[in-house]
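Participant: Got a sequence here, can you model it:
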Amino acid sequence: MSRITCFLFVFSTLFIGLPVDAQERVAYTTIAEAGADYQVQGEYRGAVRIGGILRSASGLQVIARGEGKFTANLISGGLAGQGGKLDEVIVLEGATADGGTTLSAEGYTVTLADGVASVTNDAGKKIGKLRHIVRQSVTMGMPAPEQAVVLFDGENTDNLVDAKVTSDGLLMEGVLTKELVKDFRLHLEFRTPFMPNSLGQARGNSGVYIQRRYEVQVLDSFGLEGVHNECGGVYRQKPPAVNMALPPLVWQTYDIHFRAARFNEAGEKTANAVITVYHNGVPIHTDYELTNKTGAGQPEGPSAMPILLQNHSDPVRFRNIWLVHLDEDATQPELKTRNRLLEKSE
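Facilitator: All right, here's what the predicted structure looks like:
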């Protein structure tokens, strides 16, 4: 089923300064059914005069908020992972009316039509133009090396517990690996649903629970601040270095290098677990020491345990999942990426 519905109250005032609305909670898993708002939302790239200076590299993130409403981030320097200054964004708000979408902030008005964002100042003078793009992770489709354990290739689920596969060959959330892991390298690809009427933790929530102890959050965090409980965050411990979340329904990648915590013969921890995470090819955690389990994770211990892809009642999908067990004495290999961290695909 590609569209899931229920009812909830969305407290919009906490996020976009609009009155509280009662909206139908929806979860679209295909672009074909996502509706007109999905065609407007997404990433735009171009040149805009920001602060009186023409920025040849500028980015725009347009986030759907349900029922034709949107927020957006106008970013100097480009998009996330491509030089964008995410700590200096200009936040715009607006809606679709009479067939057009207009967003505004003090000094800026953005008009969206046919995949083009035209930017004007308060005097109505055109100061920029951006075009809608769809980016792809440079590690997308990374093949499993010869020594890898393939967890899911679109068909075979022999290495998984309680696996459910959609009719189009995608793995559903709520699955456990049969493999018990200590030190490893993991590649997986995931896609969050389009849930425009939902906010925060109710918007495309899942997680990669390493050893069922440590969670790397999966969430539709496109255009958000990038905190510990958003996509790429080590849950309740550490936010990602940069919020690399792409728009919903766009495939994304995690490449994770993990070194398990060390314990002596008495069962005392002698070294913290260490994790490195690349989100869409960009390092967001580098040799981070996990101080303890995260959230509702299982207690730390010396035993190898499986990986859980969390079921948080949202239809998150996975594909191309494999892992390589590493020698406990080996160092974590560096993931080699191209000069351009993300590539544009039309």
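Participant: Against K293, how distant is E300?
Facilitator: 6 Å (Cβ to Cβ, to the nearest Å). Glycine gets a C-beta too; all of them are placed from N, C-alpha and C.
Participant: domains for the chain, by residue range?
Facilitator: Domains of the chain are assigned by automatic domain parsing as 34-136, 138-345.
Participant: Save these as TSV, and put in distance to A27 and mean neighbour count too.
Facilitator: As requested, the domains of the chain are exported to TSV (distance: least, Cβ to Cβ, whole Å; neighbours: other Cβ atoms under 10 Å):
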stretch	distance to A27	mean neighbour count
domain 34-136	10	18
domain 138-345	4	19
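Participant: And the pLDDT for G99?
Facilitator: pLDDT recorded at G99 is 87.
Participant: again, but for I53
Facilitator: At I53, pLDDT is 87.
Participant: Quickly list what it is bridged to.
Facilitator: Under DSSP bridges, the beta-bridge partners of I53 are I50.
Participant: For the stretch 1-150 of the chain, just list every one of the strands.
Facilitator: Remark: strands assigned in the stretch 1-150 of the chain by DSSP state E, counting those that start in this stretch are 3-10, 21-28, 42-50, 53-66, 69-76, 90-97, 100-105, 108-113, 116-120, 126-137, 149-152.
Participant: ok now do the residue lying closest to F184 once chain neighbours are set aside, which residues does it touch?
Facilitator: The shortest distance from F184 to any non-neighbouring residue, by Cβ to Cβ, 6 or more residues apart in numbering, is to L323 (4.9 Å). Going by Cβ atoms under 8 Å, 6 or more residues apart in numbering, L323 touches 148-149, 151, 177, 179, 181, 184-187, 307.
Participant: with those in mind, which one is nearest to Q211?
Facilitator: Set against Q211, the nearest of those by Cβ to Cβ is V181 (6.3 Å).
Participant: circling back: make a markdown table from the strands of the stretch 1-150 of the chain and add distance to E268 to it.
Facilitator: As requested, the strands of the stretch 1-150 of the chain are arranged in a markdown table below (distance: least, Cβ to Cβ, whole Å):
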| stretch | distance to E268 |
| --- | --- |
| strand 3-10 | 46 |
| strand 21-28 | 45 |
| strand 42-50 | 48 |
| strand 53-66 | 46 |
| strand 69-76 | 47 |
| strand 90-97 | 49 |
| strand 100-105 | 55 |
| strand 108-113 | 57 |
| strand 116-120 | 57 |
| strand 126-137 | 40 |
| strand 149-152 | 30 |
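Participant: hey, least reliable of the ones you listed by pLDDT?
Facilitator: Looking at those, the bottom one is strand 3-10 with a mean of 41.
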